[in-house]
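Engineer: Structure of the sequence below:
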Amino acid sequence: MAKQQKQQFLITIALVAILCMCQQSWCQEQHVEPHHGTGSHVKRHPHKVHYTVCPDEAILKPCLCRRSIITCDEEMDFKLAAIVDAISAMANNDSTVSVKLFARLDIAFSTETDLPDNAFKEIVADGIWIMAAPNLKTIAPNAFQGTDNLTRSLDLRNCPQLDTAGLFDIINKFVQLNRLSLMNINLETIPGQAFKSLDRLIGLHIADAKLKSIGDKAFVGLPALRQLNLMDTQLSLIGKDMLAFSLNYDQKMNVLLKNNPLLNGSTFDPEALVQLGRPTLLALIAVDHNPRQFKVLAEQVFKPFLMSNAGNQLIMSSNGYLCPDKRNEWLVKDRKLNRRLFYDQPYKHTVQC
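Structural biologist: I've put the predicted structure just below:
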């Protein structure tokens, strides 16, 4: 019993980590240490990054800067080009640091309709968060030129009119990226093999009510990926190669499927979960108004998943449950497999039918 409780505790911690990544901050700590101009380069360190100090308030008005995080929101009535020009001029006039690396740019604008090439000029940021742009329609192919080879966190959200046709070509230029969030950006499809050359990407969060399809092997080009969240979509099928990842049996993978109302325990291709390439923790989180969304787990889908790798596990939310149905007996009666199904509440590690 103690062993089972310990295992459930570890599973619960894992799920908390998964859900934590769904929040706006991704629980990402910013180790901000302003640079005081004593050297000629911005230093990178795996645990501590030296960021440039904030510009004078007069340069940024009406935007703000705190701890090297520049914030411009839609209520400030700002022009992005004007702010960028002012900061770029400051950078050109300061020879103490060759690169001005800010901790983050938090931008929300109501009037901008496009981001042109080289939109950020001399500004380089560890994180770029475009949090709301209701009228943004286009992002030029080289809009992030100059920062895209250094930025590690990119967040695009609440851009309901955005043309996403060339979006992944833009994203693939962020070669240092380790976290990416795409939320409510008019994303209807993710093409096959969408992600390339993002060898450092660890966490990928996608939530878009317009998303209906994901092409084959869209994520296979992400060798470091450890967390994939697919939320609030209109996906109606998990295809055979949709969740194929690069082979790495030593790296644990977390996949969160949450609030996808058209999915259920039978909307998976029979081979969808046997080609993951890694030991995988799969979380099936039902929508709040439909606790029976995953009431039946198709044997031809989930039994091969659990048997294909000893590290594969299932988590179901406490607001959803399996029904007393003969179609679930394969899991209820097999104690070894049953022990690898968990709920997101402590010590509910057996199927209660």
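Engineer: Can you find the helix or strand in this structure with the smallest mean pLDDT?
Structural biologist: Ranked by mean pLDDT, DSSP states H and E, the weakest helix or strand in the chain is strand 32-35, scoring a mean of 38.
Engineer: Next secondary structure element downstream of that strand?
Structural biologist: Using DSSP states H and E, the helix or strand that directly follows strand 32-35 along the chain is strand 49-52.
Engineer: Could you spell out the sheet neighbours of that next one, each with its direction?
Structural biologist: Here strand 49-52 is paired, per DSSP bridges, with strand 32-35 (parallel).
Engineer: how long is stretch 90-110 end to end?
Structural biologist: 26 Å (Cα to Cα, to the nearest Å).
Engineer: could you give the mean pLDDT of that stretch?
Structural biologist: Taken as a whole, stretch 90-110 has a mean pLDDT of 76.
Engineer: Ok, stretch 133-147 next?
Structural biologist: Averaged across stretch 133-147, pLDDT comes to 95.
Engineer: Check which residues of that stretch are buried.
Structural biologist: 133, 136, 139, 143-144, 146-147 (16 or more other Cβ atoms under 10 Å). Quick note: C-beta positions are derived from backbone N, CA and C, even for glycine.
Engineer: how about a markdown table for the residues you listed, with distance to residue 68 added?
Structural biologist: Putting these into a markdown table (distance: Cβ to Cβ, whole Å) gives the following:
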| residue | distance to residue 68 |
| --- | --- |
| 133 | 23 |
| 136 | 25 |
| 139 | 24 |
| 143 | 22 |
| 144 | 18 |
| 146 | 17 |
| 147 | 14 |
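Engineer: which of those lies closest to residue 243?
Structural biologist: Closest approach between those and residue 243, by Cβ to Cβ: residue 139, at 27.3 Å.
Engineer: can you tell me which residues contact that closest one?
Structural biologist: 114-115, 162, 166-167, 170 (Cβ atoms under 8 Å, 6 or more residues apart in numbering).
Engineer: and if you look at residue 60?
Structural biologist: Residue 60 neighbours (Cβ under 8 Å, 6+ apart): 54, 70, 83, 86-87.
Engineer: And it, how far from residue 226?
Structural biologist: For residue 60, the distance to residue 226 equals 36 Å [Cβ to Cβ, to the nearest Å].
Engineer: before we move on, what about residue 62?
Structural biologist: Residue 62 is 39 Å from residue 226, where distance means Cβ to Cβ.
Engineer: from the contacts of residue 60, which ones fall inside helices?
Structural biologist: Counting by DSSP state H, the part of the contacts of residue 60 found in helices is 83, 86-87.
Engineer: Surely residue 297 and residue 332 touch.
Structural biologist: No - if you go by Cβ atoms under 8 Å, residue 297 and residue 332 don't touch, sitting 10.3 Å apart.
Engineer: joint contacts of the two?
Structural biologist: Counting by Cβ under 8 Å, 6+ apart, the common neighbours of residue 297 and residue 332 are residue 322.
Engineer: Next, the contact list for residue 219, please.
Structural biologist: Contacts of residue 219 (Cβ under 8 Å, 6+ apart): 194-195, 204, 225, 228, 243-245.
Engineer: In PyMOL, how would I select the buried members of those residues?
Structural biologist: Entered in PyMOL, the line below selects the buried ones among these, by 16+ other Cβ under 10 Å:
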select buried, resi 194+195+204+225+228+243+244+245
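Engineer: just curious, which of the contacts of residue 219 is nearest to residue 183?
Structural biologist: For the contacts of residue 219, the nearest to residue 183 is residue 204 (11.7 Å; Cβ to Cβ).
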